[in-house]
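1. predicted model, plus sequence, below.
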Amino acid sequence: MRFYCLLLFASVFIFLKNSKATTYDQLNDSILSMMSKMPFAYTQAEDFLSGQILFKQDSNFTSITQRQLDWARENAQKETIYKSSFLLGGYFFVASQFNKSKQFFEQSLLFAATNEEKALSYFLLSKVFIEKRLYLEALEYLRQSKIQVYHLGYEELEAEINLAEAYCYLYLSNFEAAKTRLATAETKLKDVNLQHLKTKHDAYEGLLEFKQDNFLPSMISLYKVLEHSKTDTASKSVALAYSLIGQIYLKQKNEDRAEYYFKQALSLHENKNYLKGEAEMALLLGELYLQTHKYKEADLFLTASLNNFQKVGDAFGQCLSLNSLAEYYLLTKQHPLVLPTLWKANETDKLLADSYLYFITNLQLSKYYLAFQKNDSALFYAKKAIGYSKTINDQNEVLLAYRNLSDVCYALGDYKQSTDALVAANQMADIQQYLTNSVELKLLQFDLEKMKQETVIHSLTKERNEQNKVLLSNKMLLEKQKSIIVFIGIILLLISLLTFGLLTLIYQKRRHQRKLEIRNNQIAQQKEEIEVQQQYLMEINRELEKLSIVARETDNGIKVMNEVGRILWVNEGYVKMHGYTLDDLQRIENIDLVGDHANIDIRELVSVWYGDKKPITYEALNKTKWGQEIWVQTTLTPILDANGRIDRMIAIESDITRIKEAENEIISKNHDITSSIYYAKRIQEAMMTPFNTLTKHFPDSFCFHLPKSIVSGDFYWITYRFDRLIVACADSTGHGVPGAFMSLIGISFLNKIVNEKGFVSPSIILNRLRMNIIDHLHQSEGEHIASDGLDMSIISIDLKNNLLEYAGAMNPIMILRNADLIELKPDRMPVGFFDNEDRPFSSTNLNLQPNDQIFMYTDGYYDQFGGANGSKMKGLKFRNIIKECANKPSQAQKQIIENQFYQWKGNHTQVDDVLILGININ
């Protein structure tokens, strides 16, 4: 085969076979690999792709190929531009996006370098125009393709071009030209083994005879298609054959057989995702169901036909579907839908200027007006339908037009013209009836159906004969194998007897040798055991020598005791530590093993050791021989004998007197520091405003204050001035002692600003407080810039007018009104030095309503780590907790907030001071 095809079809074929396991990168590699190997042998690629569109990885395929095309354009790689354009053009052709397909095929034509490449581009452009029913334009591109391959010997492509030309001429009703092209294609296909093209040729032969009402030769050609084409790549041709056979049966009024063949064709198109074919078969099935009064099925298929024609942009098909839907609406008495549908079809007629479409639409309009007794309009459109029917060279359509004209004239009372039209219609009907119901055609159909059955029977008989031959061959083979098995069995028996005798002699000899080997092994094993024991003793001696050096040189005391605690040996370190020698210890029978001041029972320690088998460590205050008290840490390790009883006990002692003295000093200083901090806490609590200053005015209020340390950096401050209740909730820099100092400074300045100076507006209070902190802490100087400050929220409640004024430095407040949560936002700057900013704090006013619940808080609550993942609580969960407090008394609110906090924190360490104030306006 000398003809080569576009890269598109081969690369997509490989991709589709592996689409389930292909990743994006593998797809990219496949496309690039295929492009490097172009050209490929031409296969039945168009039909294949029509059935297996790239629905698995459409976006990946187009993205990779477009990226390759863009790269090629930037780098002026003409060959790659040609190949990439082919890939995209073929892809969009299969996806029925014919405008995009045309664009990329035209681009490939611009960059085609050889006659072969140009021929392919022209040919595929013609296929696009055929799908769009623009047959004259398609013929021009086919002519250009034929020029490019002239004298190149590409028999396959030349046959394809002639078949495509024949198809175009068939739909242009130029049957002589179509017959000539089919004959030329048949000549080209004689010397090549391309069954799918031969099948297409037979299908087009059947179409040619069908369009000329030669149903007998048409059926012969079409049944050849069904009998001789079993390949997947010929599915479009087989579908065409099924469609035409179904239409012939429909003309014979054999609706059941017509329905069967139509559905066979539809199934083939659905398997290949060929939307235009699906639309055409759905239209034929819908019209069949209209004739058989199965209106539900008709509606289903006609709607599907219209939708698919719209998807592929086929205006001609849309017009046909609209006319059939209009007839369905007329028959089912959905009269308001009929005329809009027909006018929509008429608009499409004007765009396409096609005589057949004008005929169909005018015929339907005439039927519609006749049904509503608008006989003059019906006559007008009936005559227009007669005129158009005579230009389309289809006797069946002329027959329909005359019958309709007869009905209209009868309704008008023009019985003569009605009779003339009816006579003309009956004459044409007789001719049609003869053509479709001829004895020869019926006999042919019977013979062809019988031939199909005989072919199946012959195939089954042949298969059965083959199976019988295989069974007979297997039987003979089994008989032969049986004889061989018997012969081999006799030979094996003789060999077994001879082998048994030899094995008996060998066994006796080996038995004697085994006894000798066992004896030799025992002697060798005993020798090895003696050598191992010697080596073990040498290792023990070396270890004992090392231990002896350690015991002698170490400052730790070591003593060895028997099972009842009697001392058997002490090292020099023990003598230095306690002053007692071994002789001293052995002379003193009742010496206290662990010292006079230690409350330790040696038996109890040993019983504990029996439980977990770990060395026992304890500390005791001992007295030396000279009366000096020393702290000793002892590690006691019992040594067991072979029966698991204590044989010896080894005690290693360390002098920890200095460590104990340091611990005592630390404990004493820690106690002093803690006492000082508690004293500071009392000072801080004394300076903080009593909480009853708030509850005097709003009794149903609470405070949840949980310092991280003894003292807190979070504080509240409350005062009453000029009929206003002023409440501040603040978070100082840091926590613990530093935060507490900062809180005392804040409280002091607040007392001065409000109680002494008389400022009651929250924004002014924050401004004045910021000035005092910056001045007194010298925050504008050197390294202390912005190191200290406060985050604070302040509210001022006008008790006479129920008006709340709020200002905030980093800290918001929330107001719970029924089930709605109102959050007042703060200024995003602290009370202190902040990025050289001196802009004033802003304030917010809000009219309070009865039962409003005000919540003031610092960030310690919702910054706490906890939960299943050990993450921060954050604002959303905190807001939900506040919402849970709606319409509850203050103590219940405090309990909810406290329980939720401890539940969230769990075993995590508290990270910051926590302060929440709740004020119920009641």
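-> All right, it came through fine.
2. next up, phi/psi of the residue of the chain most remote from its centre, please.
-> Among residues of the chain, the one most distant from the C-alpha centroid is residue 587; the distance is 86.2 Å, by C-alpha atoms, centre = their mean. Residue 587 adopts backbone torsions of phi -70, psi -30, taken as degrees, to the nearest 10.
3. OK, contacts around it?
-> By C-beta atoms under 8 Å, 6 or more residues apart in numbering, no residues touch residue 587. (Each C-beta comes from the backbone N, C-alpha and C, glycine too.)
4. how close does it sit to residue 851?
-> Separation of residue 587 from residue 851 (C-beta to C-beta, to the nearest Å) stands at 90 Å.
5. can you check residue 766 too?
-> 29 Å.
6. with residue 904 instead?
-> Remark: distance between residue 904 and residue 851 (C-beta to C-beta) = 28 Å.
7. circling back to that earlier point, the more surrounded of residue 766 and residue 851?
-> Each of residue 766 and residue 851 has its neighbours counted (other C-beta atoms under 10 Å); residue 766 has more, 28 against 14.
8. might you report the residue contacts of that one?
-> Going by C-beta under 8 Å, 6+ apart, residue 766 touches 792, 794, 807, 809, 831, 841.
9. residues contacting the nearest residue to residue 309 once chain neighbours are set aside?
-> Nearest non-adjacent residue to residue 309, counting by C-beta to C-beta, 6 or more residues apart in numbering: residue 317, 3.7 Å away. Contact analysis of residue 317 by C-beta under 8 Å, 6+ apart lists 276, 279, 280, 283, 305, 309.
10. just the ones of those in helices?
-> Among these, the members falling in helices (DSSP state H) are 276, 279, 280, 283, 305, 309.
11. quick one: the third one from residue 310, how far?
-> Between residue 280 and residue 310 the distance, using C-beta to C-beta, works out to 14 Å.
12. which one of those two has more residues nearby?
-> residue 280 (25 against 15).
13. I'd like the next helix or strand past the helix or strand in which residue 384 is found.
-> Using DSSP states H and E, residue 384 sits within helix 375-389. The C-terminal neighbour of helix 375-389 among helices and strands, as given by DSSP H and E, is helix 395-412.
14. average pLDDT for that next one?
-> Averaging pLDDT along helix 395-412 yields 76.
15. list the buried residues for stretch 69-76?
-> Residues 69, 72 are the ones in stretch 69-76 that count as buried (16 or more other C-beta atoms under 10 Å).
16. show me what it is in contact with.
-> For stretch 69-76, the external contacting residues (C-beta under 8 Å, 6+ apart) are 77, 78, 80, 81, 84, 85, 88.
17. among those residues, which are located in helices?
-> Per DSSP H, those map to helices at 78, 80, 81, 84, 85, 88.
18. may I ask which of those has the most neighbours?
-> Ranked by the number of neighbours (other C-beta under 10 Å), the ones in helices among the contacts of stretch 69-76 place residue 84 first, at 29 neighbours.
19. could you break the chain into its assigned domains?
-> 1-113, 116-192, 354-437, 459-553, 555-655, 688-920 (automatic domain parsing).
20. pLDDT weak spots in the stretch 251-400 of the chain?
-> For the stretch 251-400 of the chain, the stretches flagged by pLDDT under 70 are 393-395.
21. in it, which spans are strands?
-> In the stretch 251-400 of the chain, no segments count as strands under DSSP state E, counting those that start in this stretch.
22. now the strands for the stretch 501-650 of the chain?
-> According to DSSP E, counting those that start in this stretch, the strands that the stretch 501-650 of the chain contains are 557-561, 567-570, 616-623, 629-640, 646-655.
23. any idea which of the ones you listed is most buried?
-> Compared across the strands of the stretch 501-650 of the chain, strand 557-561 shows the largest average neighbour count, a mean of 20 (mean count of other C-beta atoms under 10 Å).
24. what ranges does the stretch 51-200 of the chain have for its helices?
-> Assigned by DSSP state H, counting those that start in this stretch, the helices in the stretch 51-200 of the chain fall at 58-74, 78-94, 98-110, 115-131, 135-149, 155-171, 175-188, 195-211.
25. closest to residue 339 out of the ones you listed?
-> helix 155-171 (30.2 Å; C-beta to C-beta).
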